[in-house]
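Here's my sequence, what's the structure:
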Amino acid sequence: MPLQDGGINVSRDRRELKLHGTAEFPCAGYRSTITNRAGHRIPWHRHEEIEVLYLASGSLELCLLGRTNHLRSGDGAFINSNVLHMACSVDRCELCSLVFRPSLISGAADSVFDKKYVRPLVESATAKGILLRRENEGDVDALIQLEEAFRAMSGAEPGHEFAVRGHLSHLWYLLYARKEADLDDSPVHASTVDAARLKAMLDYIHAHYPQPLTLAEIAQAANIGERECLRCFRRTIDLSPKQYLQQYRIAEAAVFLRESTLTVAEVALHCGFDSPSNFAQTFRKYYHCSPRDFRRDFQEGRPGHGVLTSGFSGPAAPV
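All right, here's what the predicted structure looks like:
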């Protein structure tokens, strides 16, 4: 299967709705170019599939629950199932990724591959993400397997499915062995309590974002105080509740501008902005154009400013 195109489409709880690969071959490959323009980022999202990625050029900030990680050209990462993550470029970078279901390498449920190697890593509470550094001798083989798997996916030669699965299986075993040896070196240590609290607060924001929300209301959704609410957001997604709420409102507004017949003023009101002028000013901060120009460009088939929701230009990487 060749590399796929398409942006990120997420549900209210930030779960990606895009299908990766097919039932026959549950794996998809993506290549994308991300710049450092404001708003030109891959938004917070999660997916049930595993994702492995490497940076072909440039540098990238990869944010997982609890930590922001700086990736340089040649580095890679493993992102486990249902882990909330986002990414933005430090300069301009080319990102390559493969997104696949664990069944691609485990085969039948309860097989020895599934029980002994795949499930322990997928279900690990501390292996939410694993960084692969080019300068670390122990990571070089894993990065080679990742790049070879992507190369096989890109070429789509006859039998490439065997090559992709083979390289991903080898990569998986190396990550499993790393888990057994030094799992504490994985970059994410988000507590179960923080994850549950964050989910409750994000669910509340997603359900009530058109309203003038207060910090107290968001904190109450997780039965915690305002200070702990601020700390929880910073520990997990490195944003304040206010920042996250603003980004979510803008992302929703972009959807309404593309898909509805509401006027710009009506979109502003529906998405929780107190005035059309405030909405236009905030929208321009992320998209570098007015809401009206954004809608016009999309309707004319020139969605060049649609970067917050899709996160990138060119063939898309879900990261």
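
Does P276 touch E266 like I think?
No - taking contacts as CB atoms under 8 Å, P276 lies outside contact range of E266: 9.2 Å. Where C-beta positions appear, they are placed from N, C-alpha and C, glycine not excepted.

Please enumerate the helices of the stretch 201-319 of the chain.
Using DSSP state H, counting those that start in this stretch, the helices of the stretch 201-319 of the chain run over 215-220, 226-237, 241-259, 264-270, 276-287, 291-299.

and for the shortest one, what are the contacting residues?
Contacts of helix 215-220 with the rest of the structure, by CB atoms under 8 Å, 6 or more residues apart in numbering, involve 201, 204-205, 208, 225-226, 228-230, 241-242, 245.

buried sites along that helix?
215, 217-220 (16 or more other CB atoms under 10 Å).

Turn those residues into CSV, columns for pLDDT.
Putting the buried residues of helix 215-220 into CSV (pLDDT from 0 to 100) gives the following:
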residue, pLDDT
L215, 96
E217, 97
I218, 97
A219, 97
Q220, 96
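
just curious, which of those is nearest to L174?
Proximity of those to L174, judged by CB to CB, is greatest for I218, which lies at 40.8 Å.

what about the strands in this protein?
27-34, 41-45, 50-57, 59-64, 67-72, 76-79, 85-89, 93-100, 129-132 (DSSP state E).

so where is the stretch 1-150 of the chain shaky, pLDDT-wise?
The stretch 1-150 of the chain contains residues with pLDDT under 70 at 1-21, 37-41, 65-66.

Ok, the stretch 151-300 of the chain next?
Judged by pLDDT under 70, the stretch 151-300 of the chain has its weakly predicted residues at 180-192.

If we use 80, what do you get?
The stretch 151-300 of the chain contains residues with pLDDT under 80 at 156, 179-192, 195, 238, 300.

Need the distance between the two termini of stretch 129-146.
One end of stretch 129-146 to the other measures 15 Å (CA to CA, to the nearest Å).

circling back: buried subset of the contacts of helix 215-220?
Buried among those by 16+ other CB under 10 Å: 201, 204-205, 229-230, 241, 245.

Who does L131 form a beta bridge with?
Taking DSSP bridges as the rule, L131 bridges to A77.

I'd like to know how many residues surround it.
Look at L131: counted by other CB atoms under 10 Å, it has 20 neighbours.

shouldn't it be in contact with D75?
Yes - using CB under 8 Å, L131 makes contact with D75 at a distance of 7.0 Å.

Tell me where the stretch 51-200 of the chain has helices.
Secondary structure of the stretch 51-200 of the chain, counting by DSSP H, counting those that start in this stretch: helices at 103-106, 112, 119-122, 137-155, 160-182, 192-208.

Could you dump these into JSON lines and include distance to T33?
As requested, the helices of the stretch 51-200 of the chain are exported to JSON lines (distance: least, CB to CB, whole Å):
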{"stretch": "helix 103-106", "distance to T33": "27"}
{"stretch": "helix 112", "distance to T33": "41"}
{"stretch": "helix 119-122", "distance to T33": "30"}
{"stretch": "helix 137-155", "distance to T33": "15"}
{"stretch": "helix 160-182", "distance to T33": "23"}
{"stretch": "helix 192-208", "distance to T33": "29"}
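
Out of the ones you listed, the one nearest V52 is which?
Nearest of these (CB to CB): helix 137-155, 5.5 Å.

State the distance from the residue nearest to L245 when sequence neighbours are not counted to L98.
Computed as CB to CB, 6 or more residues apart in numbering, the closest residue to L245 that is not its neighbour in sequence is I205, at 5.6 Å. Applying CB to CB, to the nearest Å, the value for I205 to L98 is 31 Å.

Cool, thanks, signing off.
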